[in-house]
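What follows is a predicted structure for the sequence shown.
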Amino acid sequence: AQRVTQPEKLLSVFKGAPVELKCNYSYSGSPELFWYVQYSRQRLQLLLRHISRESIKGFTADLNKGETSFHLKKPFAQEEDSAMYYCALGRDSSYKLIFGSGTRLLVRP
Amino acid sequence: DGGITQSPKYLFRKEGQNVTLSCEQNLNHDAMYWYRQDPGQGLRLIYYSQIVNDFQKGDIAEGYSVSREKKESFPLTVTSAQKNPTAFYLCASSMQANYGYTFGSGTRLTVV
């Protein structure tokens, strides 16, 4: 069955420290991976897609098909990065996304 | 401003009542979705629609119904058959498959 696993419910780091939010997926086909972010009192929004290979707000994520992972990384965390982060899996040409349970990132001053 | 609008923001329902949550988009997106968000469980798909007059069940469709009579609108009805309806409901839309979703601001439904 297709699944997205985010093993950490909460990740707490100090400002300026590196951040890695983990995401593992199970799917044997050709996956599309996404990271979504929800800041306090704001709606859920797309952060980045693996196919775009871009860096948004200093975050990057690389799809590792061998390890079936799509971890989100940032070298120096900022307080404004504190939010809920969701990893999501799209499958081939399906419109449906499967979401992980989310990781709350807390960046302390 | 283009976007996706959910209403109401908060909704209280008595047990045994049906309620309808509104979702409207002016992004000209073909596909629309309803997710349910519960603490610690992420988002779970209730229903989705790829085109007008067509929709498919998601993973937790029991106790819910939808319609897609217009491209812009995808209302969700939470029926009395839904055993645990208290939750945060999110509507989303996308231009095409795997393009990434645009989300609404959500409706919090509480059964009293």
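Nice, thanks for sending it over. Residues are numbered from 1 along each chain as shown, chains lettered A, B, ... in the order given.

who does A:Tyr85 bridge with?
Listed beta-bridge partners, A:Tyr85: A:Val37, A:Thr103 (assigned using DSSP bridges).

so it touches A:Leu106, yeah?
No: using C-beta atoms under 8 Å, A:Tyr85 is not in contact with A:Leu106, being 11.3 Å away. Glycine gets a C-beta too; all of them are placed from N, C-alpha and C.

Give me the nearest residue to A:Gly58, chain neighbours excluded.
By the measure of C-beta to C-beta, 6 or more residues apart in numbering or on different chains, the closest residue to A:Gly58 outside its immediate chain neighbours is A:Lys74, 5.0 Å from it.

Which positions are bridged to that neighbour in the beta structure?
A:Val19.

Compute the number of surrounding residues for it.
When neighbours are counted by other C-beta atoms under 10 Å in any protein chain shown, A:Lys74 registers 22.

Thought A:Lys15 was touching it, still the case?
No: contact status for A:Lys74 versus A:Lys15: not in contact, 11.6 Å apart, counting by C-beta under 8 Å.

residue ranges for the strands of the chain, please.
In the absence of a named chain, chain A is used. Counting by DSSP state E, chain A has strands at residues A:3-5, A:10-14, A:19-21, A:24-26, A:31-38, A:45-49, A:60-61, A:72-74, A:83-91, A:97-99, A:103-108.

oops, chain B please
B:4-7, B:10-13, B:19-25, B:31-38, B:42-51, B:54-57, B:64-66, B:76-78, B:87-94, B:102-103, B:107-111.

Could you report the separation of the residue most central in space within chain B from chain A?
Taking C-alpha atoms, centre = their mean, the centroid of chain B lies closest to B:Trp34, which sits 3.0 Å from it. As for B:Trp34, its distance to chain A is 12 Å (criterion: C-beta to the nearest C-beta, to the nearest Å).

Name the nearest residue to that residue, sequence neighbours excluded.
B:Ile46 (4.3 Å).

residue contacts, the residue nearest to A:Gly58?
A:Lys74 sits next to A:18-19, A:57-60, A:81 when contact means C-beta atoms under 8 Å, 6 or more residues apart in numbering or on different chains.

what residues does chain A put near chain B?
Taking C-beta under 8 Å from any C-beta of the partner chain, the part of chain A that reaches chain B is made up of A:4, A:6, A:9, A:32, A:34, A:36, A:43-46, A:49, A:86, A:90, A:93-102.

Can you go through those residues and name the buried ones?
A:4, A:6, A:32, A:34, A:36, A:43-44, A:46, A:49, A:86, A:90, A:94-102 (16 or more other C-beta atoms under 10 Å in any protein chain shown).

Quick check: which ranges of chain B have low pLDDT?
Per-residue confidence for chain B (pLDDT under 70) gives these ranges: B:1-2, B:97-98.

try it again with 80
B:1-2, B:40, B:96-99 (pLDDT under 80).

Up against chain A, what does it have?
B:31, B:33, B:35, B:40-45, B:48, B:50, B:58, B:90, B:94, B:96-98, B:100-106.

how about a cut-off of 7 Å?
Proximity of chain B to chain A, by C-beta under 7 Å from any C-beta of the partner chain, involves residues B:31, B:40-43, B:45, B:48, B:50, B:58, B:90, B:94, B:97-98, B:100-101, B:103-105.

Which one, of the strands of chain A, ends up nearest to B:Thr79?
Smallest distance to B:Thr79 across the strands of chain A (C-beta to C-beta): 24.0 Å, for strand A:97-99.
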